[in-house]
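S.K.: build the 3D model from these lines:
(one chain, ligands or ions: 1)
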Amino acid sequence: MRIIEHADLSRSNTLGLPGRVRILARVDSEDDLRAVLTSVSARNLPLNVLGGGSNIVLAGDVPGLMVQMAIPGIRVLSDDGREVIVEAGAGENWHAFTQRTLAMGLGGLENLSLIPGTVGAAPVQNIGAYGVELKDVMHSLTAFDRVAGRFVEFAAADCAFAYRDSLFKSGQPGRHVISRVRFRLSRQPLLHMDYGDIRQALSARHVQRPTAADVSRAVIAIRQSKLPDPAQLGNAGSFFKNPVVPTAEAEALKARHPGLVAYAQPAGAHPEGSKLAAGWLIEQAGWKGLQRGPVGVHDRQALVLVHRGGGTGAELLRLAADIRASVLATFGVVLEQEPVILGQ
Ligand SMILES: Cc1cc2nc3c(=O)[nH]c(=O)nc-3n(C[C@H](O)[C@H](O)[C@H](O)COP(=O)(O)OP(=O)(O)OC[C@H]3O[C@@H](n4cnc5c(N)ncnc54)[C@H](O)[C@@H]3O)c2cc1C
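M.R.: Got it, this is the predicted structure:
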């Protein structure tokens with residue numbers, strides 16, 4: 001474990017926003033995690049958990065202690081010839097893990113390729129992309145329960161997974177720190193290729209009989225063409241969730257705005273209704289490409305807010321609040337922010 005006092009976090013968040021934390025503890029084992037979390041409780045210190053910093057907005061300095069998850073390790077727990085259960089430590093890089101499982105001949109994570117961040121954070125907002133969500137492939141996880149003071153196990157069904165949400169994000173935020181996650185992967189995966197431009201990307205590459213690795217390559221190419229790379233331009237991916245509204249409301253909106261992009265939620269999805277494309281709403285409200293000093297709205301993807309350097313979390317959050325107010329005034333639709341705000 002490594003402890004740094006008054007640690008600079010500006011390189012530890014993909015938006016590149018400035019901020020410091022009083023104590024940063026980089027934790028690379030479950031024993032260290034238990035020790036740190038037990039001492040935080042005893043001293044009544046505020047606690048925050050950090051993975052790769054790709055889904056947070058640093059609003060300023062962060063008090064107390066921040067645990068940065070660095071627990072490593074990838075191992076196969078069972079293999080019946082078809083289904084394989086693979087476990088990864090919370091500190092493993094998510095994208096590298098997807099590529100490692102594909103190289104092992106296992107499908108399941110291909111549509112979730114190139115999402116930044118760590119394995120441990122992936123269940124927190126039930127990461128999703130190209131028609132697949134983490135809940136579809138997660139088997140179970142281990143987390144330290146700060147209330148019970150011990151490690152506990154969760155089956156996927158116990159995590160209250162919903163669209164970009166889980167028990168760990170909005171149910172009981174801060175109670176559990178995830179240390180290991182297990183995935184149910186397959187040697188004969190059912191490929192999901194009907195979402196976005198995956199089929200077009202495969203045929204552009206002349207792939208006739210795609211494998212999971214081919215789908216991953218297609219997803220990577222599409223993402224690279226659409227989303228800014230945080231190493232080049234500070235961002236946290238989608239800044240707002242796509243709002244889910246009652247289907248009658250979506251139809252009324254579509255009658256007034258024929259270009260509205262809306263999809264019926266699949267049967268059994270939570271929440272029910274129609275999902276509206278937040279990027280379309282923001283673009284139509286006139287925000288796409290807008291720059292306000294060091295912060296702005298990306299010029300190709302209106303759902304992505306960007307920080308070009310030299311700005312603050314407060315400036316970014318003011319821009320987000322103005323966008324939310326403008327979309328509400330134009331369409332009567334409430335946008336919910338996706339990244340978590342840390343600091344004050
Ligand atoms: C360019 C870009 C594209 C993106 N695309 C997508 C996408 O397609 N789909 C998608 O769903 N997301 C996407 N994201 C968002 C982000 O990558 C994911 O939410 C990712 O899972 C965050 O991982 P992280 O390790 O960076 O978490 P962080 O940003 O460090 O933390 C996020 C939250 O999780 C908590 N947390 C982190 N680790 C743990 C742990 N071990 N235990 C408990 N709590 C923890 C933190 O306290 C915080 O509340 C994108 C982000 C970027 C920058």
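S.K.: now residue 112: phi and psi?
M.R.: phi -100, psi 20 (degrees, to the nearest 10).
S.K.: would you map the helices across the chain?
M.R.: Assigned by DSSP state H, the helices in the chain fall at 30-43, 94-103, 198-204, 212-226, 247-256, 278-284, 313-331.
S.K.: hey, which of those is tucked in deepest?
M.R.: Comparing the helices of the chain by mean neighbour count (mean count of other C-beta atoms under 10 Å), helix 278-284 comes out on top with a mean of 22. Where C-beta positions appear, they are placed from N, C-alpha and C, glycine not excepted.
S.K.: returning to what we had before: out of the helices of the chain, flag the one nearest the ligand.
M.R.: helix 94-103 (6.3 Å; C-beta to the nearest ligand atom).
S.K.: what's the angle from that closest one to helix 212-226?
M.R.: Relative orientation of helix 94-103 versus helix 212-226 (axes from the mean of the first three to the mean of the last three C-alpha atoms, to 10 degrees): 150 degrees.
S.K.: and helix 94-103, what does it pack onto?
M.R.: When contacts are defined as 3 or more C-beta pairs under 8 Å, 6 or more residues apart in numbering; DSSP states H and E, helix 94-103 packs onto helix 212-226.
S.K.: just checking, what packs against the helix it packs on?
M.R.: Judged by 3+ C-beta pairs under 8 Å, 6+ apart, helix 212-226 is in contact with helix 94-103, helix 198-204.
S.K.: please save the CA atoms from it in PDB.
M.R.: Output of helix 212-226 as PDB, limited to C-alpha atoms (Å, rounded to 0.1, in the frame of the first residue of the first chain):
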ATOM      1  CA  ALA A 212     -16.100 -12.200 -30.500                       C
ATOM      2  CA  ALA A 213     -12.700 -10.700 -31.200                       C
ATOM      3  CA  ASP A 214     -14.000  -9.300 -34.600                       C
ATOM      4  CA  VAL A 215     -16.900  -7.700 -32.800                       C
ATOM      5  CA  SER A 216     -14.500  -6.200 -30.300                       C
ATOM      6  CA  ARG A 217     -12.300  -4.700 -33.100                       C
ATOM      7  CA  ALA A 218     -15.500  -3.300 -34.700                       C
ATOM      8  CA  VAL A 219     -16.600  -1.700 -31.500                       C
ATOM      9  CA  ILE A 220     -13.100  -0.200 -30.900                       C
ATOM     10  CA  ALA A 221     -13.000   1.300 -34.400                       C
ATOM     11  CA  ILE A 222     -16.500   2.800 -34.000                       C
ATOM     12  CA  ARG A 223     -15.700   4.200 -30.600                       C
ATOM     13  CA  GLN A 224     -12.400   5.700 -31.800                       C
ATOM     14  CA  SER A 225     -14.300   7.500 -34.600                       C
ATOM     15  CA  LYS A 226     -17.000   8.900 -32.400                       C
END
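S.K.: contact partners of that helix?
M.R.: With contact meaning C-beta atoms under 8 Å, 6 or more residues apart in numbering, helix 212-226 is reached by 98-99, 102-103, 106-111, 113-114, 129-130, 189, 191-193, 196-198, 201-202, 205, 207, 210, 300-301.
S.K.: now the buried members of those residues.
M.R.: 98-99, 102, 106-111, 113-114, 129-130, 189, 192-193, 196, 198, 201-202, 210, 301 (16 or more other C-beta atoms under 10 Å).
S.K.: in strands, which of those residues appear?
M.R.: Using DSSP state E, residue 129 are the members of the buried ones among the contacts of helix 212-226 that sit in strands.
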